[in-house]
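K.L.:
Requesting a structural model of the entry that follows:
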Amino acid sequence: MLYATDDQVTVICYQVGFQNLANFNRQFLKMKGMTPTAYREMAQRDLTPAPEASS
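P.N.:
Below you'll find the model as predicted:
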């Protein structure tokens, strides 16, 4: 959801069943080794096609 939508992390937190943003962030960090925002930024970078080099 973080890379597939532009929804705020808070909205996603509640959509997946957490009642508290701090708990969501803590669990996400524990599972992924980064914050939800950092994960989204990394995913968006990785999904963006690199520009083709001109010859």
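
K.L.:
which parts of the helix or strand of the chain with the lowest mean pLDDT are buried?
P.N.:
None of the helices or strands of the chain scores lower by mean pLDDT, DSSP states H and E than helix 36-47, at a mean of 88. Of the residues in helix 36-47, 36, 39-40 count as buried by neighbour count, 16 or more other Cβ atoms under 10 Å. All C-beta spots, glycine's among them, are computed from the backbone N, C-alpha and C.

K.L.:
Which helix or strand contains the closest residue to residue 20 other than its chain neighbours?
P.N.:
Excluding the flanking residues, the one nearest residue 20 by Cβ to Cβ, 6 or more residues apart in numbering is residue 13, at 7.9 Å. Applying DSSP states H and E as the criterion places residue 13 in helix 9-15.

K.L.:
Could you list every helix and strand that that helix packs against?
P.N.:
Contact analysis of helix 9-15 by 3 or more Cβ pairs under 8 Å, 6 or more residues apart in numbering; DSSP states H and E lists helix 21-32, helix 36-47 as its packing neighbours.

K.L.:
Pull the residues that contact the last one.
P.N.:
Judged by Cβ atoms under 8 Å, 6 or more residues apart in numbering, the contacts made with helix 36-47 from elsewhere in the structure are 2-3, 9, 12, 24-25, 28, 32, 34.

K.L.:
coming back round to it: so how far is the helix holding residue 13 from its chain's centroid?
P.N.:
11 Å (Cα atoms, centre = their mean, to the nearest Å).

K.L.:
Any buried residues in it, and which?
P.N.:
Quick answer for helix 9-15 (16+ other Cβ under 10 Å): 9, 12-13.
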